[in-house]
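**Q** any chance you can model this:
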Amino acid sequence: MARSTLGPSAPAPEAGGFDGWLLTPVPLVRVAALRILVVGYAVGFLVARWPGLVQVTELPGDRFDPVGVLGWMGSPVAPGVAQVLLAATIALGVAALVGWRWRLTGPAFAVAFLLVATYRVSFGHVLHTDHLVAVHLLVLAAAPAAAAWSVDGRRGPRAPRPAGGSEAALRAGWVVRVMAVATVVSYVLAGVAKLRNGGVDWLTGDVLRNQVAYDNLRKELLGDIHSPIGGWAVGVPVVFGVLSVATVAVELGAPVALLGGRARTIWVAAAWGFHVGIVALMAISFPYQLLGIAYAPFFAVERVVGPARAWVLRRVAPRGGGHDP
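**A** Modelled structure (predicted):
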């Protein structure tokens with residue numbers, strides 16, 4: 001992950017304290033990089049899950065139990081209509097990914113992804129893997145994320161550089177920081193939920209051990225993918241005491257990432273390792289976190305995305321074709 005902090009990348013506004021931190025401008029290429037990462041992930045997610053999403057649209061209507069923003073619905077959408085809307089969502093995502101008419105496609109794709117993800121979990125178990133992606137898309141939609149590295153940038157004048165406290169750079173700054181706060185809040189809420197539901201038993205490791213044992217046994221009986229490591233670890237209770245305390249420490253300690261610097265880097269490494277542990281013990285994957293995209297707002301990701309994008313363009317674009325905004 002690229003080196004950086006959430007500190008200033010350009011002269012900050014005169015306001016101090018929280019306002020000064022929130023409104024410190026960032027390079028416009030940073031939100032462009034976040035657009036490529038977050039929207040690219042969301043589009044890839046929808047394409048990869050297409051067969052499963054189509055199957056959901058064909059489930060019996062009596063299994064429909066709408067949640068969240070779809071709580072008002074009395075019945076599911078007709079399968080054919082739902083599948084057309086799903087395809088339209090992917091098309092919107094591709095347009096947003098390349099930065100085509102971002103002011104329209106960015107917000108439209110963010111809302112469409114939220115609706116698709118909510119519809120998916122309205123037929124059964126509420127999954128948590130899509131939540132942070134949906135929040136990041138909604139926040140990112142407010143940014144000038146197509147001012148650089150986009151179709152919009154190629155069609156119009158070259159994207160302005162974020163000198164001083166320009167309005168675009170200021171807006172990019174608060175969007176990036178709100179995305180970082182959203183990541184932090186998601187972990188804190190998870191930690192609070194563990195203590196609220198498990199109490200002291202969570203800290204002793206009993207709740208986690210039982211959860212790992214139940215999850216792996218259920219998957220094995222159903223012939224699903226399960227973790228042999230988890231089955232072995234259940235026989236070593238002390239492991240779960242350590243892991244339970246470490247888990248809560250990572251989740252409730254997430255706000256330190258907003259300090260930037262070494263504290264941020266250590267926390268991100270610990271949070272990523274936490275998700276690796278979930279895969280190892282329960283064969284449950286959180287791809288958005290494991291790929292590191294959930295933590296992208298904490299870093300100067302343009303330093304990684306920029307060279308990667310240039311490498312791709314050199315191989316797919318005709319030589320000498322146009323400028324690179």
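**Q** and stretch 189-206, which residues are buried?
**A** Of the residues in stretch 189-206, Ala190, Gly191, Lys194, Gly198, Trp202, Leu203, Thr204, Gly205, Asp206 count as buried by neighbour count, 16 or more other C-beta atoms under 10 Å. Quick note: C-beta positions are derived from backbone N, CA and C, even for glycine.
**Q** quick check: end-to-end length of it?
**A** Criterion C-alpha to C-alpha, to the nearest Å; first-to-last residue distance in stretch 189-206 is 21 Å.
**Q** got the buried residues of stretch 189-206 as a markdown table, with secondary structure, pLDDT and distance to Ala78 columns?
**A** Output for the buried residues of stretch 189-206, formatted as a markdown table (DSSP: H, G, I helix; E, B strand; the rest coil; pLDDT from 0 to 100; distance: C-beta to C-beta, whole Å):
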| residue | secondary structure | pLDDT | distance to Ala78 |
| --- | --- | --- | --- |
| Ala190 | helix | 93 | 36 |
| Gly191 | helix | 94 | 41 |
| Lys194 | helix | 90 | 40 |
| Gly198 | helix | 82 | 42 |
| Trp202 | helix | 84 | 44 |
| Leu203 | helix | 86 | 49 |
| Thr204 | helix | 88 | 50 |
| Gly205 | coil | 86 | 48 |
| Asp206 | helix | 87 | 47 |
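**Q** what segments of the stretch 201-325 of the chain are helices?
**A** Along the stretch 201-325 of the chain, counting by DSSP state H, counting those that start in this stretch, helices occupy 206-221, 228-233, 237-252, 261-282, 287-290, 302-316.
**Q** of the ones you listed, which is nearest Leu115?
**A** Closest to Leu115 of those is helix 287-290 (C-beta to C-beta; 18.3 Å).
**Q** quick revisit: out of the helices of the stretch 201-325 of the chain, deepest packed?
**A** helix 287-290 (a mean of 19; mean count of other C-beta atoms under 10 Å).
**Q** show me what the mean pLDDT comes to for that one.
**A** Average pLDDT, helix 287-290: 96.
**Q** please apply the same query to stretch 236-244.
**A** For stretch 236-244, the per-residue pLDDT averages 89.
**Q** correct me, but Val234 touches Ala213?
**A** Yes: taking contacts as C-beta atoms under 8 Å, Val234 lies within contact range of Ala213: 4.7 Å.
**Q** about what we covered before: dump the buried residues of stretch 189-206 to a markdown table, plus distance to Arg303.
**A** Conversion of the buried residues of stretch 189-206 to a markdown table gives the following (distance: C-beta to C-beta, whole Å):
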| residue | distance to Arg303 |
| --- | --- |
| Ala190 | 30 |
| Gly191 | 31 |
| Lys194 | 35 |
| Gly198 | 40 |
| Trp202 | 39 |
| Leu203 | 39 |
| Thr204 | 43 |
| Gly205 | 40 |
| Asp206 | 44 |
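**Q** picking that back up, reformat the helices of the stretch 201-325 of the chain as a markdown table; add distance to Gly52.
**A** Output for the helices of the stretch 201-325 of the chain, formatted as a markdown table (distance: least, C-beta to C-beta, whole Å):
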| stretch | distance to Gly52 |
| --- | --- |
| helix 206-221 | 17 |
| helix 228-233 | 24 |
| helix 237-252 | 28 |
| helix 261-282 | 19 |
| helix 287-290 | 14 |
| helix 302-316 | 29 |
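**Q** picking up where we left off before, between the buried residues of stretch 189-206, which is nearest Phe286?
**A** Nearest to Phe286 out of the buried residues of stretch 189-206 is Ala190 (C-beta to C-beta; 10.9 Å).
**Q** residues contacting that closest one?
**A** With contact taken as C-beta atoms under 8 Å, 6 or more residues apart in numbering, Ala190 is in contact with Glu251.
**Q** Val256: neighbour count?
**A** 14 (other C-beta atoms under 10 Å).
**Q** helices along the stretch 51-200 of the chain, start to end?
**A** Using DSSP H, counting those that start in this stretch, helices in the stretch 51-200 of the chain cover 79-97, 102-120, 131-140, 151-155, 167-198, 200-204.
**Q** out of these, which is closest to Trp311?
**A** Comparison of those against Trp311 by C-beta to C-beta identifies helix 79-97 as nearest, at 17.3 Å.
**Q** residues contacting the residue positioned nearest the centre of the chain?
**A** Nearest residue to the geometric centre of the chain (C-alpha atoms, centre = their mean): Val133, 3.4 Å. Val133 makes contacts with Val38, Tyr41, Ala42, Phe45, Phe113, Ala117, Tyr288, as judged by C-beta under 8 Å, 6+ apart.
**Q** just the buried residues of those.
**A** Among those, those classed as buried by 16+ other C-beta under 10 Å are Val38, Tyr41, Ala42, Phe45, Phe113, Ala117, Tyr288.
**Q** now, the most widely separated pair of those residues?
**A** Val38 and Ala117 (13.7 Å).
**Q** which residues of the chain score low on pLDDT?
**A** 1-16, 155-165, 317-325 (pLDDT under 70).
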